[in-house]
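Trainee: the sequence and its predicted three-dimensional model are supplied below.
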Amino acid sequence: MSYGSAGAAAVQDRLRVEYAPTDRASCKSCGTGMPKGSVKLGEKVRSPWHDGWDIKFCKVKCAIHKANGMPHEISHLQKLKWKDQVEIVEMMGKTVEKGAATEALKARSDKLYALIEVLQGMTKANIKELCEANGSQVHGDKAAPPDMAYTAADGLLYGKLGECPWCKSEALQQEGNLVRCMGYLTAGTRCTYSICEGPLFGSAPCTKVGALPERGAPWLLTDAAEKSLKKAKYNLPTAAGAAGGSGGAAGSGAGAAAADDDAAESEEEEEAAEGTAMVGLTFASVGSTDPPAAALQQLVAAHGGAWVSGGIGDGGGITHLISTAAEARKPKGKKAAK
Ligand SMILES: [Zn+2]
Ligand SMILES: [Zn+2]
């Protein structure tokens, strides 16, 4: 299947970076091995086998050209260690600007990774418990310990991010100057809410620009986490220092967070709890609808419906077509899904 460059850019999380969790995979481009802990770059491609996407992982140097020199096109870039972010940006022929904003991002990343390293000494079950005890819904069942450690470190250092304004789950995650939702609207549809403070490495943000959400009280330690920190002689900074001006709610939310603890709901339950009113229905939109197609898609997905974007062909399989009155009056052949 092919799509134009504009279409490719519109695919959510088309490119992403992450650390290789094992030594076993090899680069889908050159075939050489990708060592554990090295950065791999994944590209979402239409699956030839099923109605969905596959992710083709390559070494960064083998696939970096796909980002067209735009760092913001690479999802989770700012979740990497600072040195890896810089290396990738420079590989794209860009220089990381000097200045206070850059220093702040570097300091944030370094501080996070110092704690992530400590948290990674915990068992997977214990990291998961730490996330759940603090009400986090960032991770699904297949979450890898490094991802959960990242979320936990951020919460312990900077405080709770609160619920996503779109999907209402506690699944917001900060990556550098960006906050994005990692939650799902349904079992298979990611919530795409995101907001960023400004450009990233000279590249225009593809998301809404604005102030990042206020932070709440810092995450609470579980017994296991407290033990790990003690063992590593790691002292959490005081909340006032860590929160970075986001309000000194230190400790005041402690009781509330602890109360969430006994709920300990699993990810499956969270996903099943989403609306199911539109399950089995397939929607598409034509013309410039209000709200726009992207918002409609979120809405449909939130209630369990399926959404068809791109060419709708003869419309087979679509149960509901959303259009404006003007669009509906056009001759049949002129319609094209947004
Ligand atoms: Zn390669
Ligand atoms: Zn969300």
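Mentor: Looks like it arrived, so ask away. Numbering: from 1, shown residues only. Ligands and ions are numbered 1, 2, ... in the order given.
Trainee: would you say residue 227 is within a helix?
Mentor: Yes - counting by DSSP: H, G, I helix; E, B strand; the rest coil, residue 227 is part of a helix.
Trainee: any idea how far it lies from residue 122?
Mentor: Counting by CB to CB, to the nearest Å, the gap from residue 227 to residue 122 is 9 Å. For glycine as for every other residue, the C-beta is placed from the backbone atoms N, C-alpha and C.
Trainee: between those two, who's got more neighbours?
Mentor: residue 122 (23 against 14; other CB atoms under 10 Å).
Trainee: what mean pLDDT does stretch 79-97 get?
Mentor: What stretch 79-97 shows for mean pLDDT is 95.
Trainee: gap between the two ends of that stretch?
Mentor: Taking CA to CA, to the nearest Å, stretch 79-97 runs 18 Å from one end to the other.
Trainee: pull out the buried residues from that stretch.
Mentor: For stretch 79-97, a neighbour-count test (16 or more other CB atoms under 10 Å) marks 79, 80, 82, 84, 85, 86, 87, 88, 89, 92, 94, 96 as buried.
Trainee: now for these: which two are most distant?
Mentor: Distance extremes for the buried residues of stretch 79-97: the farthest pair is 79 and 94 at 18.4 Å, using CB to CB.
Trainee: poorly predicted segments of the stretch 201-338 of the chain, please.
Mentor: Scanning the stretch 201-338 of the chain for pLDDT under 70 picks out 238-280, 283, 286-296, 298-304, 310-316, 318, 320, 322-338.
Trainee: now the residue in it positioned nearest to ligand 1. Nearest residue, chain neighbours left out?
Mentor: The minimum distance from the stretch 201-338 of the chain to ligand 1, using CB to the ion, falls at residue 201 (23.1 Å). Distances taken as CB to CB, 6 or more residues apart in numbering place residue 71 nearest to residue 201, at 4.3 Å, with adjacent residues excluded.
Trainee: of the buried residues of stretch 79-97, which is the nearest to ligand 1?
Mentor: Of the buried residues of stretch 79-97, the one sitting nearest to ligand 1 (CB to the ion) turns out to be residue 88, at 14.6 Å.
Trainee: quickly find the element holding the closest one.
Mentor: Taking DSSP states H and E as the definition, one finds residue 88 inside helix 82-91.
Trainee: ok, residues contacting that helix?
Mentor: Around helix 82-91, the neighbours that count as contacts under CB atoms under 8 Å, 6 or more residues apart in numbering are 17, 39, 60-61, 64, 71, 74, 77-78, 80, 95-96, 105-106, 109-110, 113, 176, 201.
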